[in-house]
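Asks: here is a sequence with its predicted model. Questions after.
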Amino acid sequence: MAGKDYAAAWADYKKRRLIAYLVPAVLLLLSWWIRDYSHVAPIALFATAVIAWLGLQNWYERWPCPRCGKRFHEPGKVNQTCASCGLDKATMRVP
């Protein structure tokens with residue numbers, strides 16, 4: 001795969017990682033902030049944050065390896081290298 005393709009793949013990886021952690025965190029903060037205004041909304045936002053976290057983590061962990069196209073991470077683990085072909089995350093720094 002060419003350098004530009006790797007760059008696009010790693011950019012997608014970083015986007016997924018950011019979204020997978022940021023969205024649930026924002027929902028949790030909103031549920032904490034809104035607790036003074038409502039009794040039901042914090043529980044609903046907390047439940048939404050948990051569901052979002054589970055779904056987004058699954059989406060993040062299913063990111064395909066730019067070299068082999070298989071799932072980069074093993075289920076439930078965040079690897080430094082591809083579980084199938086051994087591509088290292090250090091290649092993300094290559095221009």
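Replies: Everything's here; your move.
Asks: so which elements touch the longest helix along the chain?
Replies: For the chain, the helix reaching the highest residue count under DSSP state H is reported as helix 3-33. Counting contacts by 3 or more Cβ pairs under 8 Å, 6 or more residues apart in numbering; DSSP states H and E, helix 3-33 packs against helix 41-61. All C-beta spots, glycine's among them, are computed from the backbone N, C-alpha and C.
Asks: centre of the chain to the helix it packs on, how far?
Replies: Averaging C-alpha coordinates over helix 41-61 and over its chain gives two centres that are 12 Å apart (Cα atoms, centre = their mean, to the nearest Å).
Asks: and for that helix, what's in contact with it?
Replies: Defining contact as Cβ atoms under 8 Å, 6 or more residues apart in numbering, one finds that helix 41-61 is touched by 16-17, 19-20, 23-24, 27-28, 30-32, 34-35, 71, 73, 75-76, 78.
Asks: again with stretch 10-21
Replies: Stretch 10-21 has contacts (Cβ under 8 Å, 6+ apart) with 53, 56-57, 59-60, 63, 66, 72, 91-92.
Asks: before we move on, the earlier item: mind listing what's buried in the longest helix of the chain?
Replies: 6, 9-10, 13, 16, 20, 23-24, 27-28, 30-31 (16 or more other Cβ atoms under 10 Å).
Asks: in JSON lines: these, plus distance to L45.
Replies: Below are these laid out as JSON lines (distance: Cβ to Cβ, whole Å):
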{"residue": "Y6", "distance to L45": "38"}
{"residue": "A9", "distance to L45": "33"}
{"residue": "W10", "distance to L45": "32"}
{"residue": "Y13", "distance to L45": "28"}
{"residue": "R16", "distance to L45": "22"}
{"residue": "A20", "distance to L45": "18"}
{"residue": "V23", "distance to L45": "12"}
{"residue": "P24", "distance to L45": "10"}
{"residue": "L27", "distance to L45": "5"}
{"residue": "L28", "distance to L45": "8"}
{"residue": "L30", "distance to L45": "5"}
{"residue": "S31", "distance to L45": "4"}
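Asks: got those as JSON lines, with pLDDT and distance to C82 columns?
Replies: Below are the buried residues of helix 3-33 laid out as JSON lines (pLDDT from 0 to 100; distance: Cβ to Cβ, whole Å):
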{"residue": "Y6", "pLDDT": "79", "distance to C82": "12"}
{"residue": "A9", "pLDDT": "87", "distance to C82": "11"}
{"residue": "W10", "pLDDT": "87", "distance to C82": "12"}
{"residue": "Y13", "pLDDT": "90", "distance to C82": "11"}
{"residue": "R16", "pLDDT": "93", "distance to C82": "15"}
{"residue": "A20", "pLDDT": "92", "distance to C82": "18"}
{"residue": "V23", "pLDDT": "94", "distance to C82": "25"}
{"residue": "P24", "pLDDT": "92", "distance to C82": "26"}
{"residue": "L27", "pLDDT": "89", "distance to C82": "31"}
{"residue": "L28", "pLDDT": "89", "distance to C82": "31"}
{"residue": "L30", "pLDDT": "88", "distance to C82": "36"}
{"residue": "S31", "pLDDT": "85", "distance to C82": "36"}
